[in-house]
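Visitor: sharing a model that was predicted from the sequence below.
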Amino acid sequence: MVLVLGCPGAGCSTFLKTIACQTEGYTSVEGEISYGGLGPDQVKKYYRDQVIYNQGNSTTVLSECRK
């Protein structure tokens, strides 16, 4: 399990969706993503149930982001 913290708009959701191979709808994805030598297509095929992005309820602490 991975926890990524950041202020709203910092790109946390985008990062997590990208590493979970959920890039459909993005205009473009540049660069290379590798999972221990496996590409995104192989991860989608063989590890689909293990690499997941699930947007849930979140609690935002805005006071820290406004500093």
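Guide: Looks like it came in fine.

Visitor: pLDDT of stretch 45-64, averaged?
Guide: Mean per-residue pLDDT for stretch 45-64: 72.

Visitor: start and end of stretch 11-28, how far apart?
Guide: 15 Å (CA to CA, to the nearest Å).

Visitor: no wait, stretch 8-25
Guide: 21 Å.

Visitor: this structure: helices as residue ranges?
Guide: 12-19, 40-46, 62-65 (DSSP state H).

Visitor: okay if I get the ones you listed as JSON lines plus mean neighbour count and distance to residue 34?
Guide: In short, each C-beta sits where N, CA and C put it, glycine included. As requested, those are exported to JSON lines (neighbours: other CB atoms under 10 Å; distance: least, CB to CB, whole Å):
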{"stretch": "helix 12-19", "mean neighbour count": "16", "distance to residue 34": "11"}
{"stretch": "helix 40-46", "mean neighbour count": "14", "distance to residue 34": "9"}
{"stretch": "helix 62-65", "mean neighbour count": "9", "distance to residue 34": "31"}
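
Visitor: quick one: residue 43 and residue 21 touch, right?
Guide: Yes. Between residue 43 and residue 21 there is a contact under CB atoms under 8 Å: 5.7 Å.

Visitor: now for those two: what residues contact both?
Guide: residue 51 (CB atoms under 8 Å, 6 or more residues apart in numbering).

Visitor: circling back to that earlier point, residue 53: which of the helices of the chain is closest?
Guide: helix 12-19 (4.9 Å; CB to CB).
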